[in-house]
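Asks: the following block contains a protein sequence and its predicted model.
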Amino acid sequence: MYIRTIAVFVVFAMIAIFLCGRLFKLQILEYDQYLGKVLDNLMQVSVIKAQRGVIYDRNMQKIAANVTTYRVFISPADIATDEDRATISQELSKILDVSYDTIYEKALKVKRKDETIKEHVDKATADKVRAVIDKYGYTRQIYLQTTSKRYYPFENSAAQVIGYMGMDGGLFGLELQYNELLTGTDGKYITARNAKSESMPSKYDVKIDPENGYSLVTTLDMNIQAILENQLQQTYEENMVGNNVCGIVMDVHTGAVLAMATNWGFDLNTPYTLVGDYADELTFSGLDKNSEEYNELKWELIYSMWRNKCVSETYEPGSTFKVITSAIGLETGKVTENTSLRCDGEYVVSGVKIKCHKIGGHGTGSFSYLLQQSCNPAMMKTAELIGRDTFWKYFEEFGYLKKTGIDLPGEAAGINHTFSGFHSVEMATSSFGQTFKTTPIQQLTAICAVANGGHVVTPYVVESLIDDDGNVVIDNAKESKRQIISEEVCNTLSEILEGGVREGVASNAYVAGYKIAAKTGTSEKRDAEDKSLRVGSTVAFAPANDPQIAVLIVVDEPGGPVKSGGTVAAPYVASVVDQTLQYLNVEKVYTDKELAELSFEVGDYVNKDVAKTLTALESSGITCRVIGTGNTVYSQLPLAGDKMRKEKGVVYLYTYDPAIEEQPPVTENEYETVPDVTGMKVSAAIMVLTDKGFNVNITGSLNYGERSGAQVISQSASPGTSLQIGAVITIESMHTDVSDNG
Amino acid sequence: MFFQKNTKGGEAPEKNKKNKRIKKKGKTLSVELDEKKLKNIPEPIKEGERPEKQGKAPLFKRKKKSKETVEYAEAGADVYREKGAVDRPMLVIILLLICFGSIMVFSASYAYALDEMGDSYYFIKRQILFAIVGLFVMFAVSRVDYRVIRLFTPAYFGVAVLLLLAVLVLGVAEGEAVRWIDLGPFSFQPSEIMKLGLVLMLAFYYSATEKQVRAKGFWKSSLFGTFVPILMVGFVCVLIALEKHISGTIIMFGIGMIVVFVAGGKLLWFALASGGFVAAVTAVITMTDYATKRLDIWLHPENYSAQSEVWQTLQGLYAVGSGGFFGVGLGNSRQKHLFVSQPQNDFIFAIVSEELGLMGAALVIILFVAFIWRCFVIAKRAPDTFSKLAVTGIAAKVGIQAFLNIAVVTNTIPNTGISLPFFSYGGTALIILFLEMGVILSISRYSYLQRK
């Protein structure tokens, strides 16, 4: 009996040990697993959305910001009766502009706890919803959740660069490129809930603060951006551009992109709305709005509207590439600025006859002259002198074989020859920028290397990433990669190019007061069916003696009679350079000639002392003609505020002596007939007009020296009308003779 | 008079048997045995000294020694069992268990009580009330001579049988409340009453039929020592099984088997029976879809979490597992917040494990092991067959229930409603438990040896 009792006890003890082992397994070995289950049970996690980083321009203006919105959702599981369902649907449909049936249907999904009724509701509407919740006590049925919505204050400016934040992050542009850093990490608010989802006393309440996304400080300057976009729009309209235009303004030393634009900036706040030509193309496609083709086309157009032409599309750089060929030639010492070359209008390479744009050729000239004239054979000869291997080496050094690495998505790689396929013909055509394709950003980056003393830079758009407190987290400023051209060569080349602006095919890029080094280019779209299509472009950097900025404008398929880059791009580049440098407070330095030609704003001299006025005007180089003998001016021509050219300009001052005469005398004014100067050379037109006694004001290209081919393309007073002498006639100047087909 | 008779009836055969055995084994051994016996005598006397020491701590000890003494036949004529104080270690273990249990009832029921009753103290107030009543019952019973208890055993058993039959009748009428009898303010489970009833009845039976059980003949011994008592157990089990009270049936069966086993049931029959049982269970599990499914639910509860019973098992497991080594701290259970349903009842051990970790859970197991050990010590020292078997049976009841409960909570066996003695909330069951403790303590008072 006793032994059996012990046996029973032993069995119990063994069971006890077994159960302890079982507990050990559950509580120690599988602890983590069960803890996880319990926390799952317990923890109601509410996400605290991390604030997406703001995008700033270099002046810390917000170009992409967030606004608080609300999401309205219902918990159908908590709606008890059909009556409540109806009331909720009724009230919400009134406030939110969502149909009653839609809401009611959602309210019927009784197993769901979160059915979104409307997103991105503004505060006023949210307040109305809140009132409904309070009125009926629907605190467990209707919910408002604070959300945020991306807002782009500049709307369509730099749209393709900034990009758009879609449902799940950035879709293109910087929003896409820096999506992860902008997004940040969502926070959590973990509260313990019992099985009935009621909050329970607990020490497990945890709040993990969200880590807001970093903000981007871009290199963009929205003012320069506006200047650039304005000019792009002008050339687009004035030159009836068939495709589109784009432009970049870059800091030559750092590669920082100050402005980058593709025309047809759409409103980033409504990125799915087609604008301009894109809208027209869809409208006039003749497709049925409900058809699949229509939808396909629509999306195709939306995507191409979003495309940043500056980085995502390639073109043949044409004559603008001659800068690079020249740089290589000068750097390798195969040519100097004075090397004499001959152009016969064509050059035969390996049996292939390649023409110059100037029929008959440029004749014999110095290298610098021929570059200024954008002579093709001169470049082919230069390339030949450089040799295939060296040319290819530098071509690669300038970065043409690779992407630039700009921090924008979708950068296209250039379309290049292979080294093995790079023979004399290919090299000859490449020397003036044809038969290979590159992106605008690539081309401008190469130009920057010439402008900044030979350093190849990596272009970039984001200067730094900053956290909520403004501390710099990531500094993106790039060091220049490498020097490939000596500073001397760069200076020489700048001078030559600047000369080309003064007296070459780039004359339209002239800006009085700023020395601009520029090269125009017009390339054939060789891959297009229509062989008359061109791409006109101009690169420029300024001031030529101390380059700060480089500008490129590419006009794809200009539709006017003149398609050369010198016409469709250069004047606009000049404007961009002029306005940008002024904005950047780069002082204008005028030559004497420029000073003389400067337009002068006439002051108000009426009732002023004649002698004093005379002294003042003449000291600033203005000729005066005084009519009458009085000592007080009673009338003047040109009128106060008029602008006129100083050189050969005359200010007529009508005088009387108030001490003797009670009122000004009535003088007989002299009149002259306005001649027709349109189509004349500007210098000739000035002569004709001033001979007649008129004053002249010039707009457009101010580079109208006698040797230049600047022509008058319009005049303010129509020919044949009679005007008082001394009146100002404004003429518009334009270099129409510039041809630089590469 | 009655007692004397009983003493003769119960213990005399033991003595005779032993004497017989010595004679049987041969005279050569007898001297040695006698010597051994003589040498052994001082040890019980040492034990016997304890009542004198206890005189300084008079808890439950009568100042005036009882005139009624029980002769300790086995130890010789000069040694007898004397009625003394209750077994102190046992008392300490019981009090530890009930205090621990009550604290856990409070901790576990807190959230559930608030949610269900609107009063966090609802369960603990009642539990303490029942515990106090129970303690009174225990002390009262502990002062009753166990032979009085034996005297009332057949009547108690009869009442328990009637109650079980009543529950069948009432149960049919009341639908789901098959296991309960409702007496207005109180309700109770007759099966709980029957557990004690069966233990006492078996003890009573064996003490009455000792001669037949120890009979020489295999079949006779088997009949009286194994078949008849198993029939009794079977009868009770059937009554409870009719309530569809599976866990109750299993426990009842277990208690009965242990008592029969300890009382001297033939091992052959046990071996055959357990073999048959294993075969039957295997057959049932493999042949019926229902059982197969139950088995799968048990092995892979996570696949059936939608069922409320499985939900309870899973949530209990989560609670146990998330306790870790030291637990989340008393009162800090997370799973008691309505995840473990009715955490103060069958799954209270899950909350203990969660709040006190492996340490606390092991402590509970150790306390129960200590309880069983102490019961068996008392049984060993108990004066007669009835008292030995009664204590053993009650120990078996508490032990089986405790370990089955823990096995359920740890998903070691399929979920079936078994409460954890001393821990689970339950008024009448607690009082009956204390009644049983009273019986143990009562018997423990006869543990002392005294020289005549």
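Replies: Yep, that arrived.
Asks: going forward, measure contacts and count neighbours with C-alpha atoms only.
Replies: Noted.
Asks: biggest helix in chain B by residues?
Replies: Using DSSP state H to define each element, chain B has its longest helix at helix B:348-381.
Asks: hmm, it touching chain A?
Replies: Yes. Using C-alpha under 8 Å from any C-alpha of the partner chain, helix B:348-381 reaches chain A at B:Gly357, B:Leu358, B:Ala361, B:Ala362, B:Ile365, B:Ile366, B:Val369, B:Ile372, B:Trp373, B:Phe376, B:Lys380.
Asks: next, the angle from the very next helix or strand once past that helix to helix B:348-381.
Replies: Per DSSP states H and E, helix B:348-381 leads on to helix B:385-409 as the next helix or strand towards the C-terminus. For helix B:385-409 against helix B:348-381, the angle by axes from the mean of the first three to the mean of the last three C-alpha atoms, to 10 degrees is 160 degrees.
Asks: mean confidence score for the helix or strand following helix B:385-409?
Replies: Note on helix B:385-409: by DSSP H and E, the next helix or strand toward the C-terminus is helix B:427-444. Averaged over helix B:427-444, pLDDT sits at 92.
Asks: for chain A, which helix or strand comes out least confident on mean pLDDT?
Replies: helix A:592-597 (a mean of 66; mean pLDDT, DSSP states H and E).
Asks: next helix or strand past that one?
Replies: Using DSSP H and E, the helix or strand that follows helix A:592-597 in sequence is strand A:599-601.
Asks: pull up the pairing partners for that following strand, direction included.
Replies: strand A:643-645 (antiparallel) (DSSP bridges).
Asks: ok, so of the residues of helix B:348-381 next to chain A, who is nearest B:Ile124?
Replies: B:Ile124 lies nearest to B:Ala361 out of those, by C-alpha to C-alpha, at 20.6 Å.
Asks: the nearest residue in space to that closest one that is not next to it in sequence: neighbouring residues, count only.
Replies: Using C-alpha to C-alpha, 6 or more residues apart in numbering or on different chains and skipping residues adjacent in sequence, the residue nearest B:Ala361 is B:Ser353, 5.0 Å away. Neighbour count for B:Ser353, taken as other C-alpha atoms under 10 Å in any protein chain shown: 33.
Asks: who are the neighbours in contact with B:Ser353?
Replies: Contact analysis of B:Ser353 by C-alpha atoms under 8 Å, 6 or more residues apart in numbering or on different chains lists B:Ala319, B:Val320, B:Gly321, B:Gly323, B:Gly327, B:Gly360, B:Ala361.
Asks: which of those residues has the largest number of neighbours?
Replies: Top of those by neighbour count (other C-alpha under 10 Å): B:Ala319, with 35 neighbours.
Asks: contacting residues for it?
Replies: Neighbouring residues of B:Ala319 by C-alpha under 8 Å, 6+ apart: A:Tyr34, A:Val38, B:Ser333, B:Arg334, B:Gln335, B:Val340, B:Ala350, B:Ile351, B:Ser353, B:Glu354.
Asks: isn't the third one right up against B:Ile351?
Replies: Yes. Taking C-alpha atoms under 8 Å as the contact criterion, B:Ser333 and B:Ile351 are neighbours in contact, 6.4 Å apart.
Asks: could you check which of the two is surrounded by more residues?
Replies: B:Ile351 (34 against 24).
Asks: give me every residue in chain B lying close to chain A.
Replies: So chain B meets chain A at B:258, B:261-264, B:317-325, B:332, B:334-335, B:337-339, B:357-358, B:361-362, B:365-366, B:369, B:372-373, B:376, B:380, B:392, B:399, B:403, B:406-407, B:410, B:412 (C-alpha under 8 Å from any C-alpha).
Asks: low-confidence regions, chain A specifically.
Replies: A:1, A:44, A:111, A:193-205, A:478-481, A:592-598, A:662-668, A:701-709, A:736-742 (pLDDT under 70).
Asks: that one - how does it break down into domains?
Replies: In the domain annotation for chain A, the residue ranges read A:2-45, A:47-218, A:595-735 (automatic domain parsing).
Asks: for B:Val105, find the nearest of these.
Replies: For those, proximity to B:Val105 was assessed by C-alpha to C-alpha; domain A:47-218 is nearest, at 18.7 Å.
Asks: can you give me the end-to-end span of that closest one?
Replies: Domain A:47-218 has an end-to-end distance of 30 Å (criterion: C-alpha to C-alpha, to the nearest Å).
Asks: where in the stretch 351-452 of chain B is pLDDT low?
Replies: For the stretch 351-452 of chain B, the ranges with pLDDT under 70 are B:449-452.
Asks: A:Arg112 contacts A:Ala77, correct?
Replies: Yes. The criterion here is C-alpha under 8 Å, and A:Arg112 meets it with A:Ala77 at 5.6 Å.
Asks: pick out whichever of the two has more residues nearby.
Replies: Per other C-alpha under 10 Å, whichever of A:Arg112 and A:Ala77 has more neighbours is A:Ala77, with 17 against 14.
Asks: list the residues that contact residue 287.
Replies: Assuming you mean chain A. A:Glu293, A:Tyr294.
Asks: so it is in which element?
Replies: Applying DSSP H and E, one finds A:Leu287 in no helix or strand.
Asks: closest one of the contacts of B:Ala319 to A:Val626?
Replies: Closest to A:Val626, out of all of those and judged by C-alpha to C-alpha, is A:Val38, at 101.6 Å.
Asks: distance check, the residue lying closest to the closest one once chain neighbours are set aside against B:Ile351.
Replies: Closest residue in space to A:Val38, ignoring its immediate chain neighbours: B:Tyr318 at 6.0 Å, by C-alpha to C-alpha, 6+ apart. Going from B:Tyr318 to B:Ile351 by C-alpha to C-alpha gives 10 Å.
Asks: for A:Ser99, same thing?
Replies: 50 Å.
Asks: A:Thr520 now?
Replies: Relative to B:Ile351, and taking C-alpha to C-alpha, A:Thr520 is found at 84 Å.
Asks: next one: B:Phe123
Replies: Distance from B:Phe123 to B:Ile351, by C-alpha to C-alpha: 15 Å.
Asks: what of A:Lys519?
Replies: 84 Å.
Asks: give me the nearest residue to the residue most central in space within chain A, chain neighbours excluded.
Replies: The residue lying closest to the centre of chain A (C-alpha atoms, centre = their mean) is A:Met260, at 1.9 Å. Leaving out its chain neighbours, the residue that sits closest to A:Met260 by C-alpha to C-alpha, 6+ apart is A:Ile248, at 4.4 Å.
Asks: many thanks, I have nothing further to ask.
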